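Chemist: Sharing a sequence plus its predicted fold:
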Amino acid sequence: MTNEPLQETGAADAATPMVSFRKVTKSYGRLVVLDSLDLDVAEGEMVSIIGPSGSGKTTVLRMLMTLETINGGVIYVDGQPLTHMPKGGQLVPASDRHLRQMRSKIGMCFQHFNLFPHMTALENCMEGPVHVLGLSKAEARERSEQLLEMVGMADKRNQHPSRLSGGQQQRVAIARALAMRPKVMLFDEVTSALDPEVIGEVTNVIRKLVSEHHLTMLMVTHQMGFAKDISDRVCFFYGGRIEEQGTPEQIFGNPRRERTRQFLSAVKEAV
Amino acid sequence: MLDWRWDFTWDILPRLIAATGNTLLAAGLGYAIAVVLGLVLALAQRTPYRAVTIVVREAVEFIRSTPLVLQIFFVFYVGPQFGLRLSPWAAGMIAIGLHYAAYLSEVYRGGLESVPKGQWEAATSLNLSTARTYFRIIIPQALPPSLAGMGNYLVGIFKDTPMLSVIGVAELMHTANAIGSETYRFLEPYTLVGIIFLALSLPTAALIRVFEAWVRRKLGMY
Amino acid sequence: MSYLEFLGQYGDRILSGTLVTILLTVLASMLAMAIALAAGLMRMARSPIVRGVAVVYIEIFRGTSLLVQLYWIFFVLPLFGITLEKFTAGFVAVGMNLGAYGAELVRGAILSVPRGQWEAALALNMSPAKRMVRVILPQAVVIMLPSWGNLLIELLKGTALVALIAVTDLMFQVKQINGTTFLSAEAFGTALIVYYVLARFMITPFMRWLERVMQRRLGRA
């Protein structure tokens, strides 16, 4: 592993948050999924999002990745509005160009990996660098091989996803996202589709990212122990809003809200 | 350049509309043959006699992979060679009915295979006869998944009837050809034939979708 | 006349007709695939005008008969100043007809590529065109290949109709032989067998082979 930084140097100074939700609202018809959400994530911070299903936690990540539109409010990434752009003193809906520029700051890993089945592990990682960033094949290969090495998948680089286990696929997916050098990494229930015995190989990779790199990360997870171990901050979502947030020690050790306590004890019983 | 003649159009329209009746009749008769014969071909492939299954299977494959227009010629001309004279209508109906029976047998087969094995086991456990099992248990469940395919082939047989013109069945295409050779005008008759086909096949396809939804609802399957 | 004598006498014409049929099939297939891809993609375009053009094309060619389309292209199109030589008119009609059916296969296959693939491609910041070409289409091809096998057999059968505008394909040759000899069973029967062999022992195995190759590219051999 080289010590090359995984992200380009940030434009935002330490004072501005890397990610910032301002009164963001999302609804499907009459169903309100997110209700005027305010959330700041500092550069280099690791924030875990927990909560019951339907509480809107996955939507937070999907909106950041522009996979979902927003109905109200503004999201800022690295100091710039994500789905809007400034024009004539106002914010107007972003052009495709602006969206693409903003997306380049964000990487995402999915619950079901979503590796491209017609490409090998290495080709999956090289796809973005070559065809989006315009790197030469040699550069892209070098970068991808380093990352596959880091996630422990170098020996399987020429395998297609159908030949890999879920844990292996997820590690390749992490390498693929990192190959784009994002400033913000999103992990959407990345261990939920995995067999229990391979969850560790994926969480270990994320642990390594947290300890060795200065990435901003948002993680939706059901692995409470994992969230407790590695997060700088934990947000408990309930009914489309943040019910409670704080340090892992505070949320898991001394939750202040009744709903948080109920949720955590229900999760504990399930285990 | 293009000169569409409306007076000529009005002249020939009654003839074409009359011929449309024959087209619909041919499609209807052919489809009736195909629906029944197709079921026979499908069930024949489910008998325990391997020889029957294989022969029918190959015959269906053969019919499906060779051109209908050639089959129409074959049925029409081969009879007389052996002293059996068939009218254009009879030959045409045999050929097109058989052709679509082969297609429909595949649709039925797919439908029958989609019925879970457990349904057979349940029927056996109730000691139902094979015939009763088929007609009361299996076919009603095989029908809804078959309806889309059956509908497609109904529209398909309708659109294939112009091929019957080659042996002189007086349907739409034949009439348009006759008008063309009498008047040396092709623009109006061929265009009108196209429009008539479009005007009939598009609504039919839509109706079939409605009917399909209705049957599913009726049978309590969504 | 024994069947062997029949083959001896007319074998050459049947063979030359078969070659014309194969050539027609190849040319019409290529045209059909190109049209299917273009119309299938246009059918999903954002612009309602582009979408409308594709829908009209697909509905007209699927809603009328190939024979009507063939006659129209051969007899009516010259009145618009577009005269196609009969061989060209033949494969163009067949290709345009089957292309309309193929367009629906293309659309269906694209829609059945899992949504996660679109999302992952977007998360990699790929442009819409790159997403389609690099990620979606390669997977859609694998999904639609089996249906194309059936479509190509329909296409082969469709080429028999061009005999009716006097293209000297297999159908045309055996019709001529039947007209002069009245050996209908031999003439038409031989043609039936040739079409069957082309469909069952050439198109089908070729498509199976192609499916295997594509599956292997997905690492699922």
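Modeler: Right, received. Where do you want to start? Numbering: from 1, shown residues only, chains lettered A, B, ... in the order given.
Chemist: For A:Leu34, grab the count of nearby residues.
Modeler: Using other CB atoms under 10 Å in any protein chain shown, the number of residues around A:Leu34 comes to 27. From N, CA and C alone the C-beta is placed, and that goes for glycine too.
Chemist: next one: B:Leu207
Modeler: Neighbour number of B:Leu207 under other CB under 10 Å is 12.
Chemist: Could you pull up the residues touching it?
Modeler: Contacts for B:Leu207 (CB atoms under 8 Å, 6 or more residues apart in numbering or on different chains) come out as none.
Chemist: Now it: which helix or strand?
Modeler: Remark: B:Leu207 resides in helix B:187-218, with elements defined by DSSP states H and E.
Chemist: what is the mean pLDDT for that helix?
Modeler: Mean per-residue pLDDT for helix B:187-218: 90.
Chemist: Okay, buried residues for it please.
Modeler: Buried positions in helix B:187-218, judged by neighbour count with 16 or more other CB atoms under 10 Å in any protein chain shown: B:187-194, B:196-198, B:200-202, B:204-205, B:208, B:212.
Chemist: For the closest residue to C:Met126 other than its chain neighbours, give me the pLDDT.
Modeler: Excluding its sequence neighbours, the residue lying closest to C:Met126 (CB to CB, 6 or more residues apart in numbering or on different chains) is A:Val132, at 5.6 Å. Note on A:Val132: pLDDT of 93.
Chemist: And for A:Val132, the neighbour number?
Modeler: Quick note: A:Val132 (other CB under 10 Å) scores 19 neighbours.
Chemist: Please apply the same query to the one 4 residues further on.
Modeler: Applying other CB under 10 Å, we find 10 residues neighbouring A:Ser136.
Chemist: got the contact list for the closest residue to it other than its chain neighbours?
Modeler: Counting by CB to CB, 6+ apart, A:Ser136 lies nearest to A:Val130, which is 7.8 Å off, once chain neighbours are set aside. A:Val130 makes contact with A:Ser136, A:Lys137, A:Ala140, according to CB under 8 Å, 6+ apart.
Chemist: quick check, nearest of the residues you listed to chain C?
Modeler: A:Ala140 (12.3 Å; CB to the nearest CB).
Chemist: Go ahead and confirm that closest one touches A:Met126.
Modeler: Yes: taking contacts as CB atoms under 8 Å, A:Ala140 lies within contact range of A:Met126: 4.3 Å.
Chemist: Now do the longest helix along chain B, average pLDDT.
Modeler: Counting residues, the longest helix found in chain B (DSSP state H) is helix B:6-44. Mean per-residue pLDDT for helix B:6-44: 95.
Chemist: Point out the other helices and strands that it packs with.
Modeler: helix B:50-65, helix B:88-113, helix B:139-160, helix B:172-183, helix B:187-218 (3 or more CB pairs under 8 Å, 6 or more residues apart in numbering or on different chains; DSSP states H and E).
Chemist: Where do the helices of chain C begin and end?
Modeler: C:3-42, C:48-63, C:66-71, C:86-112, C:115-123, C:128-130, C:137-159, C:170-181, C:184-198, C:204-217.
Chemist: do the same with chain A
Modeler: A:57-64, A:96-103, A:121-131, A:137-150, A:166-178, A:196-212, A:224-230, A:248, A:258-270.
Chemist: Tell me the helices and strands packed up against the fourth one.
Modeler: Translated: helix A:137-150. Partner elements for helix A:137-150 (3+ CB pairs under 8 Å, 6+ apart): helix A:121-131, helix A:166-178.
Chemist: And for the shortest one?
Modeler: Using 3+ CB pairs under 8 Å, 6+ apart as the contact test, the elements touching helix A:248 are helix A:224-230.
Chemist: Check the average confidence over the helix it packs on, would you?
Modeler: On average, helix A:224-230 scores 93.
Chemist: buried set for it?
Modeler: Those would be A:Met224, A:Phe226, A:Ala227, A:Lys228, A:Ile230, for helix A:224-230 by 16+ other CB under 10 Å.
Chemist: same deal with stretch C:144-152?
Modeler: So stretch C:144-152, judged by 16+ other CB under 10 Å, has buried residues C:Met144, C:Leu145, C:Ser147, C:Trp148, C:Gly149, C:Asn150, C:Leu151, C:Leu152.
Chemist: Settle this for me: the residue nearest to C:Met126 is touching C:Ala121, isn't it.
Modeler: No: using CB under 8 Å, A:Val132 is not in contact with C:Ala121; the gap is 9.6 Å.
Chemist: shared neighbours of these two, anything?
Modeler: Shared contacts of A:Val132 and C:Ala121, counting by CB under 8 Å, 6+ apart, come down to C:Lys130.
Chemist: still on that earlier bit, do you know which of the helices and strands packed on helix A:137-150 lies nearest A:Gln111?
Modeler: Nearest to A:Gln111 among the helices and strands packed on helix A:137-150 is helix A:166-178; the distance by CB to CB comes to 9.1 Å.
Chemist: for the closest one, packing partners?
Modeler: Using 3+ CB pairs under 8 Å, 6+ apart, helix A:166-178 sits against strand A:106-109, helix A:121-131, helix A:137-150, helix A:196-212.
Chemist: which of the ones you listed sits most buried?
Modeler: strand A:106-109 (a mean of 27; mean count of other CB atoms under 10 Å in any protein chain shown).
Chemist: How about that strand and chain C, touching?
Modeler: Yes: with CB under 8 Å from any CB of the partner chain as the criterion, chain C is reached by strand A:106-109 at A:Ile106, A:Gly107, A:Met108.
Chemist: Each with direction, which strands does that strand pair with?
Modeler: strand A:184-188 (parallel) (DSSP bridges).
Chemist: Please tell me how far the strand it pairs with is from the chain's geometric centre.
Modeler: Computed by CA atoms, centre = their mean, to the nearest Å, the chain-centroid distance of strand A:184-188 equals 1 Å.
Chemist: and it, average pLDDT?
Modeler: Per-residue scores along strand A:184-188 average to 96.
Chemist: List of residues touching it?
Modeler: By CB under 8 Å, 6+ apart, the surrounding residues in contact with strand A:184-188 are A:18-19, A:41, A:58, A:61-62, A:64-65, A:77-78, A:105-111, A:177-178, A:206, A:209, A:215-221.
Chemist: do stretch B:75-91 as well
Modeler: Contacts of stretch B:75-91 (CB under 8 Å, 6+ apart): B:26, B:72, B:92, B:94-95, B:164, B:167-169, C:178, C:182-185, C:188-189.
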